[in-house]
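Novice: Based on what follows, work out the 3D shape:
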Amino acid sequence: MLVAVPAGAAVAVTAALAGHLAGGTVVDCTNPLQPTGDGLMVTAPVAHRLAGAAPAAHVVKAFNLCHESIWTLRPPVYEDRPLVVPFCGDDPGAVATVRDLIASIGCTPAHCGGLARATYLEATAALAIGMWFAGAEPRWAFPAPAAAPAEA
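Specialist: Numbering: from 1, shown residues only. Next up, the predicted model:
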């Protein structure tokens with residue numbers, strides 16, 4: 001199941017479906033963000049709460065860093081490179097399922113650790129989306145080390 005509802009409703013929706021989700025993979029793509037005077041802030045991490053709402057399901061945080069329009073591209077390619085999709089999850093079977101799903105749409109899966117690290121994906125979304133709203137390009141904030149000049 002893909003949880004693609006407002007972050008504020010995600011826990012209640014997941015809890016209501018917990019019996020149906022038992023043993024299955026639940027992909028959380030929500031971003032629990034709130035605009036403030038200091039920019040977008042994470043309100044309350046969602047992925048951990050989804051896991052608590054459906055304890056017999058296997059929650060994986062993924063697909064939360066791009067605008068929904070990006071997922072309509074086939075395949076999502078930028079500057080001749082496939083989009084990298086970071087994701088976090090604990091259960092090996094659920095991780096494999098999400099890895100295969102990401103690869104099946106032409107993207108590069110990037111497992112970033114267990115569900116405990118999902119909060120970092122949510123915070124990254126706050127940073128990136130905030131930069132977009134400010135007119136900046138987040139990807140330019142993260143150049144590859146290979147782009148740096150060689151030391152003399």
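Novice: residue ranges with poor pLDDT in this structure?
Specialist: Filtered on pLDDT under 70, the chain yields the residue ranges 152.
Novice: Which residue ranges of it form helices?
Specialist: For the chain, applying DSSP state H gives helices covering 7-16, 18-21, 47-53, 92-104, 118-133.
Novice: and the longest one, what other elements does it pack with?
Specialist: This points to helix 118-133. Helices and strands in packing contact with helix 118-133 are listed as strand 33-36, strand 39-42, helix 47-53, strand 58-62, strand 84-89; criterion 3 or more C-beta pairs under 8 Å, 6 or more residues apart in numbering; DSSP states H and E. Where C-beta positions appear, they are placed from N, C-alpha and C, glycine not excepted.
Novice: would you turn the helices of the chain into CSV with mean neighbour count?
Specialist: Output for these, formatted as CSV (neighbours: other C-beta atoms under 10 Å):
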stretch, mean neighbour count
helix 7-16, 17
helix 18-21, 15
helix 47-53, 21
helix 92-104, 16
helix 118-133, 19
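Novice: Using TSV, lay out those helices together with distance to R74.
Specialist: Output for the helices of the chain, formatted as TSV (distance: least, C-beta to C-beta, whole Å):
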stretch	distance to R74
helix 7-16	27
helix 18-21	29
helix 47-53	27
helix 92-104	11
helix 118-133	23
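Novice: now G89: how far from A118?
Specialist: G89 sits at a distance of 8 Å from A118 (criterion: C-beta to C-beta, to the nearest Å).
Novice: What of S104?
Specialist: Relative to A118, S104 is positioned 22 Å away (C-beta to C-beta).
Novice: Could you do A10 as well?
Specialist: Distance, A10 to A118, using C-beta to C-beta: 12 Å.
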